[in-house]
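# This is the structure alone, sequence omitted:
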């Protein structure tokens, strides 16, 4: 079974990109292939013109991937979880403390630093998972359905945080079903049964699919 058909995609630093499409269309597979977690049976992924196999271990650590499920140990307090993750990366002393402080500030988690992660809201827990990845200062960040289970208010706040991350110079790709805040993204990729059916700005997608709002796009695709 072919999960993804031939795709020709290129993304740039600072871009916030949404990967959309019905369940089973290949969104997670695409992200995993781009992040080097799954080897495609054909084709190639290049990062700054180089094949993934040519990247050093240090360069591969500059790619962050946040899966759908939280990756942080629940009983640990937020700051302790980040310190532990940083030590696993080989960070120590002042550098470790500075990076932890930096990601707490960037993701607006300073007021939650001494709370257990399993006491946080869904959106806050997802921010902690992202913070763990940001400790490695990734150039590329992949988020697989990070807004699943969040209420609309938390979704908007979370998406704004992701936009800020991209504006800091990272390339951020997110698979999502959220339609209300797509205008925060620079590009959307729409897949159907593994085929690329649209690549462009969210504002252009409504005209392309002939719908007044992207929330109605799935009616056209079904």
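Yes, it's here. Just so we're clear, the structure is a prediction, and the values are computed from it rather than from any experiment.

# Could you use CA atoms for every contact and neighbour count after this?
Fine.

# Could you pull up phi and psi at the closest residue to residue 124 other than its chain neighbours?
Among residues not flanking residue 124 along the chain, residue 109 sits closest, at 7.7 Å (Cα to Cα, 6 or more residues apart in numbering). Backbone torsions for residue 109, taken as degrees, to the nearest 10, come to phi -120, psi 10.

# show me the contacts for residue 109.
124, 127, 128 (Cα atoms under 8 Å, 6 or more residues apart in numbering).

# just checking, the second one touches residue 104?
Read that as residue 127. No - assessed by Cα atoms under 8 Å, residue 127 is found out of contact with residue 104, at 9.2 Å.

# Between the two, which has more neighbouring residues?
Comparing residue 127 with residue 104 by other Cα atoms under 10 Å, the one with more neighbours is residue 127, at 24 against 21.

# by contact count, what packs against the helix or strand residue 132 falls within?
Using DSSP states H and E, residue 132 sits in helix 122-134. Using 3 or more Cα pairs under 8 Å, 6 or more residues apart in numbering; DSSP states H and E, the elements in contact with helix 122-134 are strand 63-66, helix 78-88, helix 93-106, helix 152-167.

# ok, and for it, which residues are buried?
The neighbour-count check on helix 122-134 (16 or more other Cα atoms under 10 Å) flags 122-134 as buried.
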